[in-house]
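A.B. asks: Give the three-dimensional model of this entry:
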Amino acid sequence: MRKLLLSCFLLFFIFKLFAQQTINRRINFNPVDKDSLNLALNDQFMLIEDSCAAVIRHIRLDFNSRKFHGTFTDVRKDNPAVILTEGYYNANGQKEGVFTIRYTSGNIKAKGDFKNDAFDGKWELYYESGKPWLTFEVNNGVYNVTDNWDDKGNKIVDKGNGNYSVEAIPYVWEGKLANGKPDGTWKMYVKTDKWKNKIASERFKNGEFVKGENQFGSYSDASRITLVSRDLFPFVNAEKLIVGLPCDMSLKHTIVNAHYKNGMNSFNNRLRDELTSFFNYRDLSASAGEFNIVGEITTAGDIVDLK
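C.D. replies: Residues are numbered from 1 along each chain as shown. Predicted structure coming up:
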């Protein structure tokens, strides 16, 4: 039996929602001319019925490749004068050039450049109040955080030096920056954990990654930290052409801290065993890239129906 080395340590299971329900959906791709469309999106920029859209995207779409191309704008449906996002996709469907992103109020949230779908050059982010939030630069894929403020206007990173945290939902990485790059020991914890219990850590020296540790072991190939999370910009969800929940349906839930019957290590071992078994019977010799593993976690804590 082959052993599979999983390079990523964050695995998300997608719960099957409304499995017993049959819901008729009508999601329209509204043509404007021969290659332009108006897409109805919800507030998370997922496809939705026209009747309850929060955002309208004016865009060109290649139906064969399922990729956007050309200039586009996202506007508020209830007030089309408010442009939420404006930018450009190249012929390969990649974000390219200057992008401007706004809050629903119309106030600037962020502005900067993309190159080949990645952040490039200098970016500036602002709170909805208009106060500065974050500035960073990316050169040849290397991130450098220059300044960071809290929502009260206090500067916490100055010219690349200070304490810094970045969300990677539902987690947070936290540590010290020196000259715009991670320095010393960083730790990761669950955002909702008020005690900030460490579930992973990484060590840096002179701006270079040294070693990391998580619940699956240690690693030294590369840092898992992304200094600027794309979760800040939900407009990228539209690129996936994912259908959101029906407009008359919402998830009512209570969030509580997870409890594991025999402890976290027991759960990790169970997860490891399930995934090892899952991959050992599959030929991955011709596969490359990212794996999305979908399954269910039952109310009894069992991991079932992996695909």
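
A.B. asks: Contacts only, for Tyr143.
C.D. replies: Phe119, Phe136, Glu137, Gly180, Lys181, Thr226, Leu227, Val228 (C-beta atoms under 8 Å, 6 or more residues apart in numbering). No exception for glycine: its C-beta is placed from N, CA and C like everyone else's.

A.B. asks: what comes up buried for stretch 139-151?
C.D. replies: Under the neighbour-count criterion of 16 or more other C-beta atoms under 10 Å, stretch 139-151 has Tyr143, Asn144, Val145, Thr146, Asp147, Asn148, Trp149 buried.

A.B. asks: Reformat these as a markdown table; add distance to Ile199, pLDDT and secondary structure.
C.D. replies: Shown next, in a markdown table, are those (distance: C-beta to C-beta, whole Å; pLDDT from 0 to 100; DSSP: H, G, I helix; E, B strand; the rest coil):
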| residue | distance to Ile199 | pLDDT | secondary structure |
| --- | --- | --- | --- |
| Tyr143 | 23 | 95 | strand |
| Asn144 | 27 | 96 | strand |
| Val145 | 23 | 97 | strand |
| Thr146 | 29 | 97 | strand |
| Asp147 | 29 | 98 | strand |
| Asn148 | 24 | 98 | strand |
| Trp149 | 28 | 98 | strand |
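
A.B. asks: tell me the two of those that are most distant?
C.D. replies: Across the buried residues of stretch 139-151, no pair lies farther apart than Tyr143 and Trp149, at 17.9 Å, counting by C-beta to C-beta.

A.B. asks: Name the nearest residue to the residue positioned nearest the centre of the chain, sequence neighbours excluded.
C.D. replies: Note on the chain: the residue nearest the mean C-alpha position is Asp231, at 3.9 Å, using C-alpha atoms, centre = their mean. Among residues not flanking Asp231 along the chain, Ile169 sits closest, at 5.2 Å (C-beta to C-beta, 6 or more residues apart in numbering).

A.B. asks: so what's Phe72 up against?
C.D. replies: Arg57, His58, Ile59, Arg60, Thr85, Glu86, Gly87, Tyr88, Tyr89.

A.B. asks: ok, which pair from those residues is furthest apart?
C.D. replies: Arg60 and Thr85 (15.1 Å).

A.B. asks: wait, Val82 sits on Thr104?
C.D. replies: Yes: at 7.0 Å, Val82 counts as touching Thr104 under the criterion of C-beta atoms under 8 Å.

A.B. asks: quick one: common contacting residues for these two?
C.D. replies: Arg76.

A.B. asks: coming back round to it: from the buried residues of stretch 139-151, which is closest to Glu213?
C.D. replies: Tyr143 (22.0 Å).

A.B. asks: For the stretch 101-250 of the chain, which segments are assigned as strands?
C.D. replies: In the stretch 101-250 of the chain, the strands defined using DSSP state E, counting those that start in this stretch lie at 108-115, 118-126, 132-139, 142-149, 155-158, 161-168, 171-178, 181-190, 200-205, 208-214, 217-219.

A.B. asks: buried stuff in the fifth one?
C.D. replies: Of the residues in strand 155-158, those with enough neighbours to count as buried (16+ other C-beta under 10 Å) are Val157.

A.B. asks: for the third one, same thing?
C.D. replies: Along strand 132-139, these residues count as buried under the neighbour rule (16+ other C-beta under 10 Å): Trp133, Leu134, Thr135, Phe136, Glu137, Val138.

A.B. asks: Now the two most distant members of the residues you listed.
C.D. replies: Trp133 and Val138 (16.8 Å).

A.B. asks: Quick one, grab the pLDDT at Thr85.
C.D. replies: Note on Thr85: pLDDT of 98.

A.B. asks: next one: Leu37
C.D. replies: 94.

A.B. asks: got it, and Thr192?
C.D. replies: 88.

A.B. asks: cool, Leu17 as well?
C.D. replies: 42.

A.B. asks: OK, contacts around Leu84?
C.D. replies: Going by C-beta under 8 Å, 6+ apart, the list of residues near Leu84 reads Val55, Asp74, Val75, Arg76, Ile101, Arg102, Tyr103, Thr104, Phe235.
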